[in-house]
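**Student:** Below are the sequence and a predicted model; questions follow.
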Amino acid sequence: MDRKKSVGLYIAALSVILALVGMIAYLMNTRTNYYAKMGVDSTVLLCLIAAIVLTVVRILIGLKGTPMIADILPVCAAAVLTIGLVMLLNVRINNLAAVFTFENSAANMADTTSCIIAIAGCLLAVIFSIISAFFDITKAKA
Amino acid sequence: MKTDNKSRRRQRLWRGLTTLTASVLALAVAGSSIVNGFRTDIDKFLGTSSSRVVTEDADPADIYTYASDYSSTTELVNAIADVGERMSEEGTVLLKNNGALPLSADEKGKISLLGFSSYNPCVGGVMGSSLTPAMGTEADTVDFVGALAARGFTINSTLADMYAALLPTYQTEVQSWGGTITYSTITAPANSDGSVFTSKEPSQTALDGANGGWKDSMNDYNVMIVTIARAGSENANYTPGQAGVDPSQNLNQTDPLGLSDDERDLIQTAIDQKASNGGKVIVLLNNASAMEVQELEDNEGIDAMLQIGLPGGYGFYGICDILDGTVNPSGHLSDTYAVKNELSPAAQNYGFLMWANAQPDRNINSAIVEAEGIYTGYKYYETRYADTVLGQGNADSDVGSVGGAWNYDNEVTYPFGYGLSYTTFTQTLDSVNVDLAAKTATATVTVTNTGSVAGKDAVQLYVSVPYTDYDRENGVEKSAIQLLDFAKTGDIAPGASESVTITADLTYMASWDSTAPNAAGTAGNYILDPGTYYFSVGNAHEAVNNVLAAQGTAAEGDAANVQTWELAEMDTTTFAQTKNGTNVENQLADMDVNYWLPGTVTYLSRSDWAGTFPKTVSGLTATDEMLNIMGNDNYQMQSTGSDVTFGADNGLSLAALKGVTDLNDERWGLLMDQINLEDAMIRTGFGGTSTKAIESIMSPEAIQNDGPNGIYSYPLGQYANTNKESGDPCAIDANDPNAGYQAGVMGNETIIAQTFNKNLVEEYGEVMGNYSLWSNLTIWWGIGVNIHRCPYNARNHEYYSEDSVLSAFLGAKTIEGAQKYGVIAAPKHIAFNDSEVNRTGVATFMTEQKAREGELRAMQASIEDAKALGAMTAYNRVGVYTDNAHPTLLKNIVRGEWGFQGLMSEDFIMDPSYVTLKEAVLNGVTMSCNTGESTMAAVSGYYPYWTVENVQNDPELTAALKQAMTWQAYALANSNAMDGYASSTRIEKVRTWYDNALTGVAIVFALLTLLNVVMYFKARKKED
C-alpha cells in the first residue's frame, strides 16, 4: 500500500531533535568548569540515547506501515525520555540552587546555560514525544 | 475502509493516551527518587513532616529540658524587637556633632529626608543576613520612614512623593535565570572580575525634573537628613579604587566606598538650603564596609553624622531615639575609617589574583598572599603612627601614603573605637594587676560623666607589648597597640562615676613566634617578650597616644592614664599549653607561600615599613606538587581491615545521654557502637539543610538555619509544636499570630560590634535561644567571626570587626546566651574566608602569626570559652589544601588545641571533589552541606570513592567516621533538639500528602495505562 508522510513524522522527528539538543547540551554542560566535577550521569545519558533510538526506529518502521511494534515504541520512548528528564533534574538541582545563590557568578551562570538548555530540550522532547504518539508516521494514500 | 480508518484512529488515540499516561507514570515513579533525595527541603517548602516522634510513658516535665523565658510568642517577638531596637541605640555611632543633635520637639516636625536610601535603606544584606520582614505579626518590622512616624516625627511629603516618583531611576535590576530581580536599595557589585559599583543617587537635574519645587519644600522642613548607603552582600565584592567604579559614570568617584558627585551634590544642596532655611544637615551612613568620608568630616556645613550600619527590622526605632535624644548614642566604630582604603597594606593583595597556571575546572583559580602580616586595620594605622612618632622603621616614608610623607592625620578619618556622645566622659585607668599564673590582667577604670546628660560609655582596654631586637631577628611582629578586652558602662548620670573592672585573658596578649621552642620539643609557641607592657584606655588612637606619652615622646596623649607591667625574661611557658592542656606548636607553616615558592613574598614588618610594604603578588605559578594537592585527592584509602564496631545492639538511645557532657562516659562508646557504617557514611556525605535523624542511635533531626542577623531560614510556625497536649511548654496554637515570624531581624554584625556591650550581645543570644525553643530550629549558623581584612569584602556585614578580640568576645557571648536554651550556635567560617572572591578555590597564604593572632584568635573564644556545640568551615583553601582537607587546621588546632567537641559542617560546597569528604572526615568534619537520597547508592554516586567496600576496611577512616558521628551526637544530646525525647522515644515515618499524591498518581496512571493498552488492543482486534 502506498503511504504518505503524516504530521506524526514531523512531530516525532522534532522530538528526536529536541532530545538530541538536550543530550548534546547536557554533555557540553558536563565539560564546563563548574559542572565538570559532577561527571556524566549514565542513567541520564542512557535514557536519552534509548529514547532517541526508539523514536528513530519508530519512524523507520512507521514509514513502511503500522505494525504493532510501531505502536509500542512511542510509549517506551516517551516514558524513557521522562525518566531521563527527571534524572537530569535530580543530578543538577543542587548545583542550580548553588549557582543561583551562593555561587552566583558570571562564569558559573554561563556554565549553567547549557544545563538550562538541556533541561528545556528534554522537557520539550517529552511533550512532543507524547504528542507524536497520537499520530502515525505515515498514512495510507486514498 | 471507513471501518479501518475509524479503527486506526482509535488505535492512535489509545496509543497516544497510553503514551501520555505511561509518561506520567514514569514521572511519578522516577520523581519518587527526587522526593526521597530532597525530602527535608520539600518538607520545609511545603510545611510538611515526613517523620513523627512518638514518646510513651514519659512525664513531659522530664523530657523538656529547656524552658523559655516567655509564656507566649507575643512576649517572644516583642523581646526580639526590643533587643533589635536597643542594638541600634547602642550600636549607632555618632561621628560628628556640632550640637545639632539631639533634635528638639519642634524640629521633630520638620524632617526632610534626602537621598533614595532614606526611603529604601539597606536594612540587611542583599544576600546573607537579609532582613526577613515581619508583616501581620505582633512585632512587625519597620523602615526609616515607618519608625519616624511611629516616634512622632513628621517628614516632608513633597520629598517623599518625589523620591517615590523617581523609584525606577534608582532601582537595580539583576538578571538571573528565571527572571529579573529588582532591588530598590543600593546593591553591591557582583562577585566577578571587573564588576563595578554604579552610583544610583538621583542627580540634581533628575530631582529638579521630578519636582521643581523640591528645594523650596525644605523651607518648612529644615532638618535635612541625608542618607548615603553602601550595601553588604554575600557573594559580592567591591573592587578597590577607580577600577571598582562604573566607568560609564563621570561622577568623580575614586573608590566604590567613596562618594560620587551626585551624593556630594545632594549634601551640598542641603547645606545651601540651610543658609536660607536656617536648618540643620545630618548625614546618616548606611553601610557595613568602612567608607571614605574624610570630606564629610571636613565639611563644616554638615552639622552631625551618624554611622547606622544595616539596622535590621527594629533598629530604626533606636536611631530615631538617638535623633531626638531619647537615647544618648554610645556606639564606637568596630573598624578604622581610612581616608583611602585602597592604600592599606591588605588592599595591595585583594581581588582576582589568578594563578598563572589556573585550572578553573578544578577550582584552581586564584591565590591571595596576605603580605600585610598582622597589620590589618588599626594594627597597621596605629602602629605606623607610633613608629612615625618614635622615628623608627622608615614609618614616615611616602610608601602607602595619600601623598608625601606618611602622616596619620592624612591617612585616618576615624580611628578604631571612635564614637561621640551627647555628653562627655573621662576614663581613668586606676590600676592594672597582672597575674601571669592566672593568665589574667585585672584593670579598674573609673568612668565619669562630665557632661550634662546621662549616657553609657565603652571602656576599651588596650595593651602595647614590647617590640624587641629578638622580634626583629625572628620575624615576630608587634602591633603598637592591641585591644585586650572591653566593657560597657551602665547609664551614668551627669557628674556621676562608675567603676568598671575588666579581667582580661592574657592569652590574647601573647604573640605567636614560629621560631620559639615549645613544650612539644618542636618550634612555634606563644611568647611574651621581656620589657615594659603598657596598658591604657580610650579609642585605639587615644590609647596609643597615651602609651607614646608614657614613653616620653611628644605625642598628645595622657601619660597618667597608662599602667605598666614589667616582665624580666622572655616567657615561653605560660601559653605553651592551651586551656585544655594541649601543647602548641607550628601547625600552619604551609600557609606561608614562601614554603612552596621560596622568596615569593616579603611580609610587612614595622622594622622597615618602606622596604617591606606589600607589593601585589599575582600570576604565581603553582608547582606540580601544589597542583597535585589542589587536585583534592590527598588521602589514599587503606584496605588493611578495621576493627571499629558498627551496628551493635546495646539497647541505648541518645536520649539516655541527654545533657551528658563527659565524652569519657562509657555509654557514649556503647551508644556509638550501635550506629551503622552506612548511616555514618550517608550522614557525613549528605548533611545539608538539616542534620537528619539516625534511627540506630535514635538521634533526632535538627534543622539548620542562617544567619548572623538572627535565626531566619524558616518561619516560627513551620516546625513549631502545635500539639498543646504534648506537654511542650513552647507549643503554639495552629493559628498563632506569629507563626509566620522569621527572626532575621537584628542589625548586622558591625552594629552588634559597635555596641561594645557583651551583656546586650548575650541578650541577643538569649532571645534567639528562646526563638529556637518556640520554633524548634536548633542549629544556627549565626556567628560570623571572620575578620574585616579589607573594607572591600562586601560580606563584612556578616562579620563583626577588623579586630580579632572584639570579634572573639562578642561571638562567644552570643553563643553563651543562645546555648542556655540549647541552641547549637555555630561560629563560621573556620577559617580565613575573609573575601568572597573565588571563594571556592582561592588559595589563602599568610604567616602563622597572622593566622593565629588574626582570624583564629577571633574564633578561639567561641570554642575554648563559650564551648560552642557547632561550627562551620570555609569555602576557601588554607594554603593549597581545601579548608576541610588541611592536615592540621581543623584537627590539631580547632579540635586539638581548642578542644572543639561539637558538630562541624562544611559550607555550601556542591562540588563533590572540592568537598574532599574523606579528608574532611579525617579532620573531624561531621557533615558536608550536600543533600540527597539517604541511600548508599546515592551517596556513592556523588562521591565515587565513598563506598562501604572502600571505607569498611580502612581503620583510620572508620575510626574517624565513628568519632565524627560521636561529636555530632554529643552536640545534639546537649541541645534542645532532644526536647521531647526520652529513652522510649521512637521515630515513625509519616506518609505526607505528597507521598500519598505521588503514590495515588502512580496507581491511577498505572491503571489508566493498563486501560488504554486494553482499549488499544480492542481497537487493533477490531481492525484485524
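**Tutor:** Structure's in. What do you need?
**Student:** Who are the contact partners of the nearest residue to residue B:488 once chain neighbours are set aside?
**Tutor:** Excluding the flanking residues, the one nearest residue B:488 by C-beta to C-beta, 6 or more residues apart in numbering or on different chains is residue B:757, at 3.9 Å. Placement of C-beta: from N, CA and C, glycine included. When contacts are counted by C-beta atoms under 8 Å, 6 or more residues apart in numbering or on different chains, residue B:757 is found next to B:90, B:456, B:458, B:488.
**Student:** Need the three-state assignment for residue B:965.
**Tutor:** Counting by DSSP: H, G, I helix; E, B strand; the rest coil, the backbone at residue B:965 sits in helix.
**Student:** Please, where are all the strands along chain A?
**Tutor:** For chain A, applying DSSP state E gives strands covering A:3-5, A:138-140.
**Student:** returning to that earlier point: which two in the contacts of residue B:757 are spaced the farthest apart?
**Tutor:** Across the contacts of residue B:757, no pair lies farther apart than B:90 and B:458, at 8.9 Å, counting by C-beta to C-beta.
**Student:** joint contacts of the two?
**Tutor:** With C-beta under 8 Å, 6+ apart as the test, residue B:90 and residue B:458 both reach B:330, B:488, B:757.
**Student:** Spit out the contact partners of the nearest residue to residue A:39 once chain neighbours are set aside.
**Tutor:** Spatial nearest neighbour of residue A:39, excluding adjacent residues (C-beta to C-beta, 6+ apart): residue A:30 at 6.6 Å. Contacts for residue A:30 (C-beta under 8 Å, 6+ apart) come out as A:36, A:38, A:39, A:40.
**Student:** can you tell me how far residue A:30 sits from residue B:407?
**Tutor:** Using C-beta to C-beta, to the nearest Å, residue A:30 is found at 57 Å from residue B:407.
**Student:** What ranges in chain A fall below the confidence cut-off?
**Tutor:** Within chain A, the stretches with pLDDT under 70 are A:1-3, A:141-142.
**Student:** which residues of it fall in helices?
**Tutor:** Secondary structure of chain A (DSSP state H): helices at A:7-29, A:42-62, A:68-100, A:106-132.
**Student:** Are the shortest one and chain B in contact anywhere?
**Tutor:** It refers to helix A:42-62. No: figure legend: helix A:42-62 not in contact with chain B (C-beta under 8 Å from any C-beta of the partner chain); closest approach 9.2 Å.
**Student:** Which residue does the stretch 501-650 of chain B have closest to chain A?
**Tutor:** Closest to chain A within the stretch 501-650 of chain B is residue B:632: 9.1 Å, counting by C-beta to the nearest C-beta.
**Student:** For chain A, state which of the shared contacts of residue B:90 and residue B:458 is nearest.
**Tutor:** When the shared contacts of residue B:90 and residue B:458 are ranked by distance to chain A (C-beta to the nearest C-beta), residue B:757 comes first, at 31.7 Å.
**Student:** Show the model's pLDDT score for the closest one.
**Tutor:** If you check residue B:757, the pLDDT there is 98.
**Student:** And stretch B:865-881, how far out from the chain middle?
**Tutor:** When distances are taken as C-alpha atoms, centre = their mean, to the nearest Å, stretch B:865-881 is centred 12 Å away from the chain's centroid.
**Student:** same thing with stretch B:687-702?
**Tutor:** 25 Å.
**Student:** give the contact list for the residue nearest in space to the middle of chain A.
**Tutor:** Against the mean C-alpha coordinate of chain A, by C-alpha atoms, centre = their mean, the closest residue is residue A:19 at 2.5 Å. Listed by C-beta under 8 Å, 6+ apart, the contact set of residue A:19 reads A:48, A:51, A:52, A:55, A:81, A:121, A:122, A:125, A:129.
**Student:** which of the contacts of residue B:757 has the most neighbours?
**Tutor:** residue B:90 (28 neighbours; other C-beta atoms under 10 Å in any protein chain shown).
**Student:** Is it in contact with residue B:761, as I believe?
**Tutor:** No: counting by C-beta atoms under 8 Å, residue B:90 sits too far from residue B:761 to count as a contact (9.8 Å).
**Student:** shared neighbours, the two?
**Tutor:** residue B:755.
**Student:** nearest spatial neighbour of residue A:56, skipping sequence neighbours?
**Tutor:** Computed as C-beta to C-beta, 6+ apart, the closest residue to residue A:56 that is not its neighbour in sequence is residue A:16, at 6.1 Å.
**Student:** where's that neighbour relative to chain B, distance?
**Tutor:** Separation of residue A:16 from chain B (C-beta to the nearest C-beta, to the nearest Å): 15 Å.
**Student:** which other helices and strands contact the helix or strand that contains residue B:169?
**Tutor:** Assigned by DSSP states H and E, residue B:169 belongs to helix B:167-170. For helix B:167-170, there is no helix or strand it packs on, judged by 3 or more C-beta pairs under 8 Å, 6 or more residues apart in numbering or on different chains; DSSP states H and E.
**Student:** And the next helix or strand past it?
**Tutor:** The C-terminal neighbour of helix B:167-170 among helices and strands, as given by DSSP H and E, is strand B:172-176.
**Student:** List the strands paired with that next one, with their directions.
**Tutor:** Paired with strand B:172-176 in the same sheet, following DSSP bridges, are strand B:179-183 (antiparallel).
**Student:** Okay, buried residues for the strand it pairs with please.
**Tutor:** Residues of strand B:179-183 classed as buried under the neighbour-count rule (16 or more other C-beta atoms under 10 Å in any protein chain shown) are residue B:183.
**Student:** what residues does that strand touch?
**Tutor:** B:126, B:171, B:172, B:173, B:174.
**Student:** most packed of the helices of chain A?
**Tutor:** Per-stretch averages of neighbours, counted by mean count of other C-beta atoms under 10 Å in any protein chain shown, single out helix A:68-100 among the helices of chain A, with a mean of 23.
**Student:** can it be found next to chain B?
**Tutor:** Yes: residues of helix A:68-100 contacting chain B under C-beta under 8 Å from any C-beta: A:68, A:71, A:74-75, A:78-83, A:86-87, A:89-90, A:93-95, A:98, A:100.
**Student:** helices and strands around that helix, which ones?
**Tutor:** With contacts defined as 3+ C-beta pairs under 8 Å, 6+ apart, helix A:68-100 has these neighbours: helix A:7-29, helix A:42-62, helix A:106-132, helix B:2-37, helix B:993-1023.
**Student:** Now do it: distance to the chain's middle.
**Tutor:** The chain centroid and the centroid of helix A:68-100 are separated by 7 Å, computed with C-alpha atoms, centre = their mean.
**Student:** do the same with stretch A:57-70
**Tutor:** Relative to its chain's centre, stretch A:57-70 lies at 20 Å (C-alpha atoms, centre = their mean).
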